[in-house]
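Novice: Predicted model and sequence below, questions to follow.
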There are 2 protein chains.
Amino acid sequence: MELELIRRLRERFPAHPRLRLGPGDDAAVLEMAGVDQCAMTVDLLTDHVDFELSEVDPRRVGRKALAVNLSDLAAMAAEPLAGVIAVALPRPQAAELAVALYEGILPLAERYGLAIAGGDTNTWDGPLVLSVTLLGRVAPRGPLRRAGARPGDRLLATGSFGGSILGRHLDFEPRVHEALQLHARYALHAGIDVSDGLSLDLSRVLEESGCGATIWADAVPVSDDARRLAEQRADGSTALDHALGDGEDFELLLAVPPHDAERMLAEQPLDGVRLSEFGEFTAEPGLWIEDHEGRRPLEPRGWEH
Amino acid sequence: MELELIRRLRERFPAHPRLRLGPGDDAAVLEMAGVDQCAMTVDLLTDHVDFELSEVDPRRVGRKALAVNLSDLAAMAAEPLAGVIAVALPRPQAAELAVALYEGILPLAERYGLAIAGGDTNTWDGPLVLSVTLLGRVAPRGPLRRAGARPGDRLLATGSFGGSILGRHLDFEPRVHEALQLHARYALHAGIDVSDGLSLDLSRVLEESGCGATIWADAVPVSDDARRLAEQRADGSTALDHALGDGEDFELLLAVPPHDAERMLAEQPLDGVRLSEFGEFTAEPGLWIEDHEGRRPLEPRGWEH
């Protein structure tokens, strides 16, 4: 099947000025002149873990597989350049599935100027697996890293958190443009995208930065989905719990020095995406949460792969 | 498990001058100054298709996953630069498996100067899946492509073919140094690595080049493994059949103008790897085989994914 399917897929891959040689050879060839530093990231998604293929349109699955990787580039403040996609397609109807996946992938690639350089298309008797690898151009002022948060920095984020399972985990917009814009305009000390859970991903920033943080409970940007989910489940978890631990929000968490944080909040420079401040980084290690009852340790929660 | 496992794996990843930022952030950062054109390739391997995990040492599986990708870079005459590795590990004993896979991957990466830039480590209830993406530096004279074979070119190959299932498909040496050396020293019109089968991969060169080829049956470099397999199986398939269709030889097939082909054969410039000539490219389309009984069409055979 491979040859015929690959021919059908190749016809759909748009040309791109960066692609000196597109899909169809043993490797693609990319024009890289002028790219001095390049971010490289890979994410592998599997059925029953990252999505339920039997329950969702495969176009949304393809879109998500690309979007989570774009979110990783956003977390580094890197501009998307090119990507390759490897899939293991369950038989039967592997060809139809492949076409649908790419119908989700290609419009998002185009939206972010990403060259689809090729892929590896396999069929097997197992569940659907997609692996996407992206290259991005690191911004002139260097990458946005997890390491770099300093005591006194404010904790800021794009958007809101929790309840992504209600649908947003498939259809989120990666914060690529937002990251590039903020990184160019303000001093960001550290950043991460929230894939596994706000508190868990924040704890990774703390670990890499060698500091602690306090979250101000009342200021956490809790999403409407988090509230809906807390209500639906009625299992004792609050909307705030969902915001802190659900994950797959794919928003940016940022460590920002106070002066720049104030400017960001006052200017709200992002088109349609709100910036919130809801904590600060501390010399004292550990993750803490503070509300009207006081301050206590917060156990990082989220998705452990 | 991810955090602890990733910590253990990261300790094993050697530093590399190209890695400005290694594994542990949302993406790795690679130094790319001076790399004007970059080859990018991905191959995804799955249990029961590319290997049988229950029957082989996982170190050999890890090694193979990297080696098949290095072979793709060799087929483009590109020098290995950096790579990322994504795995879906079956529970239980996912951690032990991951460590063993990397024990196969890392020595081969070091041998070819490849920076391991990071990866994505997942566990699931499915079979083992590995996806490896590599970047390579395209040679100054440009990439070696599938397209470019011309009527009159000779068909040359490194090494010998057939019977790789007896073990060579796991332990082969990718022809990276050989490809770089030959591409720099001789005029190569086209090239491919034989992953799916000599005749099938050759047919891909013919398709991309828009010409035909005749294989001289008596001159095909048939491996000892092909002879052994023909004897063991005794199913009517000859050693030559195995050489033409088994695949996973990971040798280079080359289209070379006659003058350079003569030089290559006379000089035999490769250390420990023999170059053979066993056919020629023709204006007449199609794949043909010629022996003492005459010339007839040859159906391309091999592994269709």
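Specialist: Now that the structure is in, tell me what you want to look at. Numbers count the residues shown, from 1 in each chain, chains lettered A, B, ... in the order given.

Novice: helix, strand or coil for A:Arg228?
Specialist: When classified by DSSP: H, G, I helix; E, B strand; the rest coil, A:Arg228 comes out as helix.

Novice: my bad, A:Ala213
Specialist: A:Ala213 ends up strand, using three-state DSSP.

Novice: Next, the nearest residue to it once chain neighbours are set aside: phi, psi?
Specialist: Nearest residue to A:Ala213, sequence neighbours excluded (CB to CB, 6 or more residues apart in numbering or on different chains): A:Phe281, at 4.9 Å. Yep, even glycine has a C-beta here, placed from its N, CA and C like the rest. Dihedral pair for A:Phe281: phi -90, psi 150, per degrees, to the nearest 10.

Novice: ok, A:Asp201 to chain B distance?
Specialist: A:Asp201 is 10 Å from chain B, where distance means CB to the nearest CB, to the nearest Å.

Novice: And the residue nearest the centre of chain A, which helix or strand is it part of?
Specialist: Nearest to the mean C-alpha position of chain A, by CA atoms, centre = their mean, lies A:Ser71 at 2.9 Å. In this structure, A:Ser71 is located in helix A:58-75 according to DSSP states H and E.

Novice: tell me what that helix is packed against?
Specialist: Packing partners of helix A:58-75 (3 or more CB pairs under 8 Å, 6 or more residues apart in numbering or on different chains; DSSP states H and E): strand A:37-46, strand A:78-90, helix A:94-111, strand A:129-138, helix A:168-171, helix A:176-185, strand A:190-193.

Novice: and the second one, which residues are buried?
Specialist: Buried positions in strand A:78-90, judged by neighbour count with 16 or more other CB atoms under 10 Å in any protein chain shown: A:78-90.

Novice: Can you name the residues of the stretch 51-200 of chain A that neighbour chain B?
Specialist: Counting by CB under 8 Å from any CB of the partner chain, the residues of the stretch 51-200 of chain A lying close to chain B are A:72-73, A:75-76, A:78, A:82, A:84-88, A:117-127, A:129, A:131, A:133-136, A:138, A:143, A:145-147, A:192-193.

Novice: just the buried members of these?
Specialist: When those are checked for burial by 16+ other CB under 10 Å, the buried set is A:72-73, A:75-76, A:78, A:82, A:84-88, A:117-124, A:126-127, A:129, A:131, A:133-136, A:138, A:143, A:145-146, A:192-193.

Novice: which residues does A:Ala147 contact?
Specialist: By CB atoms under 8 Å, 6 or more residues apart in numbering or on different chains, the residues touching A:Ala147 are A:190, A:208-210, B:25.

Novice: Quick one, which of those are buried?
Specialist: Buried members of those, counted by 16+ other CB under 10 Å: A:190, A:208-209, B:25.

Novice: among those residues, which two are most distant?
Specialist: For those, the maximum inter-member distance is 11.5 Å, found between A:Ser209 and B:Asp25 (CB to CB).

Novice: quick one: common contacting residues for these two?
Specialist: A:146-147.

Novice: circling back to that earlier point, got the helices and strands packed on helix A:58-75 as CSV, with distance to A:Glu251 columns?
Specialist: Shown next, in CSV, are the helices and strands packed on helix A:58-75 (distance: least, CB to CB, whole Å):
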stretch, distance to A:Glu251
strand A:37-46, 17
strand A:78-90, 17
helix A:94-111, 17
strand A:129-138, 18
helix A:168-171, 10
helix A:176-185, 9
strand A:190-193, 7
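
Novice: Select, out of these, the one closest to B:His169.
Specialist: Closest of the helices and strands packed on helix A:58-75 to B:His169 is strand A:78-90, at 18.7 Å (criterion: CB to CB).
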